[in-house]
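Q: when you get a sec, could you give me coordinates for this:
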Amino acid sequence: MFEELQQPRTLQELQAFIQESLEVQDAMLGALVKPGQDGTYSASAHIPPMSALLWVDMTKRPELKDLARLHQTDGEGESVYTWVLTQDPTTGIAYFILHVKMLRPVRVSFRIRFPMPDEEEVIEAILQSGRVLLLEGPAPAWRESAGTMSQQQLLETIFRNGDVSMHLPKDNVGFLSNLFETWKTQIKK
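A: Predicted coordinates for the structure are as follows:
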């Protein structure tokens, strides 16, 4: 499925826009060492501090489950990212929605929703690193296992199905920063 971002015009369209966006099931923020393509760990595979690792519910879009494999074999490719800040007037919940339009290695588009203020730290991490790593949900029990596993075991658990790494352009991060300030000053209060 490859679609252009269409701004909702009615309440019904807005609610569908929000509900059709993929849900973040869990998030991990921080610096990790990620396995290379050969499965080994090295210092050159360092993820910047406070990167956002997001486990996303892909049940609505099962075709997205193969993206991690494609990214590993074909590279990150080319994508266009668009941020939207919206609020559901019936619930009062504000959402940041990231629309991802992948052009290569495959043509596909999808949206990820970040309900606020629940995902405030995630948005801050994205602003800091300019990077998002998508992982297929549900998340492993990494919180419970973190204290009992070695770092390598923990990383193998986290990246068990691979990831889709997205580097956001600086102007995109700047736009998100402006939206975040708008949310903090006009909506969050």
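Q: give the buried residues for the longest helix that the chain contains.
A: Scanning the chain for the longest helix, with DSSP state H as the assignment, gives helix 170-182. Neighbour-count burial for helix 170-182 flags 172-173, 176, 180 (criterion: 16 or more other Cβ atoms under 10 Å). Bear in mind the C-beta positions are built from the backbone N, C-alpha and C, glycine included.
Q: what pairs with the one helix or strand residue 112 maps to, parallel or antiparallel?
A: Assessed by DSSP states H and E, residue 112 sits inside strand 108-116. Here strand 108-116 has these sheet partners by DSSP bridges: strand 22-30 (parallel), strand 94-104 (antiparallel).
Q: the bottom helix or strand of the protein by mean pLDDT?
A: Sorting the helices and strands of the chain by mean pLDDT, DSSP states H and E puts strand 41-46 at the bottom, at a mean of 49.
Q: continuing past that strand, what's the next helix or strand?
A: Heading C-terminal from strand 41-46 (DSSP H and E), you reach strand 51-56.
Q: what's the following helix or strand after that following strand?
A: Downstream of strand 51-56, the next assigned helix or strand under DSSP H and E is helix 67-74.
Q: so what touches that following helix?
A: With contacts defined as Cβ atoms under 8 Å, 6 or more residues apart in numbering, helix 67-74 is touched by 37, 77, 102, 104-106, 108, 134-136, 161-165.
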